[in-house]
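Visitor: Got a predicted structure here, sequence first:
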Amino acid sequence: MVVTDDSSSRSFVQYGIEDKPPLPTSLLLGVQHYLTMVGANIAVPLILAGVLGMPQEIIPRFVGTFFVVSGVATLMQTTFGNRYPIVQGAPFSMLAPAIAVIGVVTASGSGATWQTALLQLQGAIIVAAAVEVLVGYFGLLGRLRKFISPVVIAPTIALIGLSLFNVPQVTAATNNWWLLGLTLGLIVLFSQYLNTSHPAFKLFPVLLGVIVSYVIAAALSVAGVMAPGTPGYVNLASVASAPALMPIYPFQWGFAGGAGTMTVSLPVVGAVAFGIPQFTTSFIIGMLAGVAASMVESFGDYHAVARLSGVGAPSERRINHGIGMEGLMNIFSAIMGGSGSTSYSENIGAIGLTGVASRYVVQVGAVVMLVMGFVGYFGQLIATIPGPIVGGLYIAMFGQIVAVGLSNLKYVDLDSSRNIFIIGVAMFAGLAIPAYMGNVGSAEAFRQGMSQVALVGPILSTQLIADTVFVIGSTGMAVGGLFAFIFDNTIEGSRVERGLEEWEEEVEDESEFVSAFERFGSRSETSSSAD
């Protein structure tokens, strides 16, 4: 089947998936892609470091580990996975079970340290991610695509963007609104008003907006206009005090004399402690819920990046390769001492603003992040980007994703009361239920609440059921997607009414996705036949 050409989306794209801009341009564009997700990729390790009680001097190395994992995972996904121009980073969907694991380990006493908790977290992620690998490469998630219409995809993608509308960087009462407004205003100015006046404004609106805002904030901080501790303050002194290079290696969180630690004497380096991941069934069960939510989120991300890149919706084979690779990279992240890896929505929004959907650009940016992850100065410099600047980024990026999700409704009969009902309920539930879970506070508190339910309380309060419901219920797009999926496949409606007839014309044929392994094999066969 030939994919229908969407001329409007293709004309918007400056660099398509297969395009390779000049290396200097690709470097800047790649860094810009990563700038959109630094806030989230730093927030996750900083949150975990606080929960762990990690020493301050270790935190830069912990943050650097996440950037190294992000760089490797992005290279693997764009080369051997779904081959979409999508950045990989630390998942928020796995943060709730990770915090639960850490809380249980540290509360148990028995000489538990932050390293002990991390080793338990690593073991839980490894096993849960192995399940994700099986789900991907056995094609379990991809098979669901035939049951998914634009009625399901629209609210699911829109809720990706809406999920961060209430983050502290945007809604904190003490926020620095002029700095947030400046960042957002500059991005809008460059991407929408000045985009035809110079190519730089069209290609680098995010990078230019962040740099200008950061320089102004730093100058005001140095001049004393912004006091330390206030939103928008830039602590440049912390950059100079950061370590130049940081040792980041597999199983790095061992500690001398600790349980589950192996000490090895290496030439030149000396004694090095390697932490061996620990495996506890209850922790693994809780982490499975986080992995499930991550897969649902990635499913929506794949459709969003395809639409913004001007190509057909992902085929079953592409979805399977993407999920399978995410599982492998989750295992890699755990081995390196991180908390997992998943597709990031932030750089999808950057594609929408810049029209840069080049896989090569994202790969170049991944190499930069991989190298910079070992440099302490870089990690600390990124960490000094003020929250209000990140908030301005979020409004521009995630607002774009909301619109992309809703644009799928062009295939749907919006005069149908059936469709209006499904979309409305899915959107509302995707906002309301995560808000409820946030008020509950934690997976443990949710389990306790479920135990009070009459008759079925003992069943609902088991860790497997309660933690799964809590983690998925805390993920807006998972909630909205599930509501829309169930209603769309159980409430009577024609294929035309649901938008399936027109939408499936734009889904890529299964043969259009060729994995890197198949490409390598065909080249080898061609080379052999030529000989």
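Guide: All right, it came through fine. Residues are numbered from 1 along each chain as shown.

Visitor: tell me the contacts of the residue nearest the centre of the chain?
Guide: In the chain, the C-alpha nearest the mean C-alpha coordinate belongs to Tyr344, at 2.9 Å (Cα atoms, centre = their mean). For Tyr344, the contacting residues are Met37, Ala40, Asn41, Ile86, Val87, Gln88, Gly89, Asp301, by Cβ atoms under 8 Å, 6 or more residues apart in numbering. Every residue, glycine included, has its C-beta placed from N, CA and C.

Visitor: cutoff 6 Å now
Guide: With contacts defined as Cβ atoms under 6 Å, 6 or more residues apart in numbering, Tyr344 is in contact with Met37, Val87, Gly89.

Visitor: With Val412 instead?
Guide: Pro150, Val151, Asn419, Gly499.

Visitor: 10 Å instead, please
Guide: 149-151, 153-154, 419-420, 422-423, 493, 496-500, 502-503 (Cβ atoms under 10 Å, 6 or more residues apart in numbering).

Visitor: That one and Ala292: what is the separation?
Guide: Note on Val412: its distance to Ala292, by Cβ to Cβ, to the nearest Å, is 27 Å.

Visitor: Asn419 too?
Guide: Taking Cβ to Cβ, one finds Asn419 at 27 Å from Ala292.

Visitor: The two: which has the busier surroundings?
Guide: Asn419 (24 against 21; other Cβ atoms under 10 Å).

Visitor: I figured the more buried one hits Asp413, correct?
Guide: Yes - with contact defined as Cβ atoms under 10 Å, Asn419 counts as touching Asp413 (6.1 Å).

Visitor: which neighbours do the two share?
Guide: Common neighbours of Asn419 and Asp413 (Cβ under 10 Å, 6+ apart) are Val151, Gly493, Glu497, Arg498, Gly499.

Visitor: which one of those residues sits closest to Ile472?
Guide: Val151 (20.3 Å; Cβ to Cβ).

Visitor: got the contact list for Tyr360?
Guide: Going by Cβ under 10 Å, 6+ apart, Tyr360 touches Tyr15, Ile17, Glu18, Asp19, Lys20, Pro21, Leu23, Ser26, Leu29, Gly30, Thr78, Pro85.

Visitor: Out of those residues, which end up buried?
Guide: Those of the contacts of Tyr360 that meet the buried threshold are Tyr15, Ile17, Asp19, Pro21, Ser26, Leu29, Gly30, Thr78, Pro85, by 16 or more other Cβ atoms under 10 Å.

Visitor: Determine which two of the contacts of Tyr360 are furthest apart.
Guide: Ile17 and Leu23 (17.9 Å).

Visitor: Out of the contacts of Tyr344, the closest to Ala130 would be?
Guide: Gly89 (20.7 Å).

Visitor: Can you give me every residue that contacts that closest one?
Guide: Here Gly89 is in contact with 34, 37-38, 40-42, 44, 66-67, 69-71, 73-74, 333, 338, 340-347, 369 (Cβ under 10 Å, 6+ apart).

Visitor: I'd like the distance between Ser416 and Gly499.
Guide: For Ser416, the distance to Gly499 - Cβ to Cβ - is 10 Å.

Visitor: low-confidence ranges in the chain?
Guide: Applying pLDDT under 70 to the chain flags residues 1-11, 39, 108-111, 255-272, 516-517, 519-531.

Visitor: Phe274 belongs to a strand, doesn't it?
Guide: Yes - the assignment for Phe274 (DSSP: H, G, I helix; E, B strand; the rest coil) places it in a strand.

Visitor: that older thread, take the contacts of Val412 and keep only those in helices.
Guide: Secondary structure assignment by DSSP state H places 150-151, 153-154, 419-420, 422-423, 496-498, 500, 502-503 of the contacts of Val412 in helices.

Visitor: Could I have the buried ones of those as PyMOL selection syntax?
Guide: Here is the PyMOL command that selects the buried residues among the ones in helices among the contacts of Val412 (16+ other Cβ under 10 Å):
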select buried, resi 150+151+153+154+419+422+423+497+498+500+503
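
Visitor: TSV for the ones in helices among the contacts of Val412, including distance to Phe190?
Guide: Formatted as TSV, the ones in helices among the contacts of Val412 follow (distance: Cβ to Cβ, whole Å):
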residue	distance to Phe190
Pro150	32
Val151	35
Ile153	30
Ala154	29
Asn419	37
Ile420	37
Ile422	38
Ile423	33
Val496	41
Glu497	41
Arg498	39
Leu500	39
Glu502	35
Trp503	33
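
Visitor: What residues does the closest residue to Asn82 other than its chain neighbours make contact with?
Guide: Spatial nearest neighbour of Asn82, chain neighbours left out: Gly322 (3.2 Å); criterion: Cβ to Cβ, 6 or more residues apart in numbering. Residues in contact with Gly322 (Cβ under 10 Å, 6+ apart) are 77, 81-84, 86, 136, 141-142, 295, 298-299, 301-302, 314, 343, 513.

Visitor: between Ser416 and Gly499, who's got more neighbours?
Guide: Using other Cβ under 10 Å, the more surrounded residue of Ser416 and Gly499 is Gly499, with 25 against 17.

Visitor: Tally up the residues packed near the closest residue to that one other than its chain neighbours, please.
Guide: Distance criterion Cβ to Cβ, 6+ apart; nearest residue to Gly499, sequence neighbours excluded, is Tyr411 at 3.4 Å. Residues lying near Tyr411 (other Cβ under 10 Å) number 21.

Visitor: got it, and Val87?
Guide: For Val87, the neighbour count with other Cβ under 10 Å is 28.

Visitor: Phe67 versus that one, what's the distance?
Guide: Counting by Cβ to Cβ, the gap from Val87 to Phe67 is 11 Å.

Visitor: who touches Ala172 in this structure?
Guide: For Ala172, the contacting residues are Asn166, Leu180, Pro231, Gly387, Pro388, Gly391, by Cβ under 10 Å, 6+ apart.

Visitor: Which of the helices or strands spans the fifth one?
Guide: Read it as Pro388. Using DSSP states H and E, the element containing Pro388 is helix 387-407.

Visitor: how about that helix: buried residues?
Guide: Going by 16+ other Cβ under 10 Å, helix 387-407 has these buried residues: 387-402, 404-407.

Visitor: how about the helices of the stretch 151-300 of the chain, start to end?
Guide: 168-171, 177-188, 199-203, 205-222, 237-240, 281-308 (DSSP state H, counting those that start in this stretch).

Visitor: Excluding covalently adjacent residues, which one is nearest to Ser241?
Guide: The shortest distance from Ser241 to any non-neighbouring residue, by Cβ to Cβ, 6+ apart, is to Gln380 (7.9 Å).

Visitor: do the same with Glu444
Guide: Ala100 (6.6 Å).

Visitor: How about the secondary structure of that neighbour?
Guide: For Ala100, the secondary structure call by three-state DSSP comes out as helix.

Visitor: What count of nearby residues applies to it?
Guide: 27.

Visitor: Against Ala445, how distant is it?
Guide: 10 Å.

Visitor: Touching both of the two, which residues are there?
Guide: Phe470.

Visitor: Could you double-check that Ile125 sits in contact with Gln278?
Guide: No - using Cβ under 10 Å, Ile125 is not in contact with Gln278; the gap is 11.6 Å.

Visitor: Which of the two has more residues huddled nearby?
Guide: Ile125 (30 against 18).

Visitor: Can you tell me the closest non-neighbouring residue to the more buried one?
Guide: Ala334 (3.9 Å).
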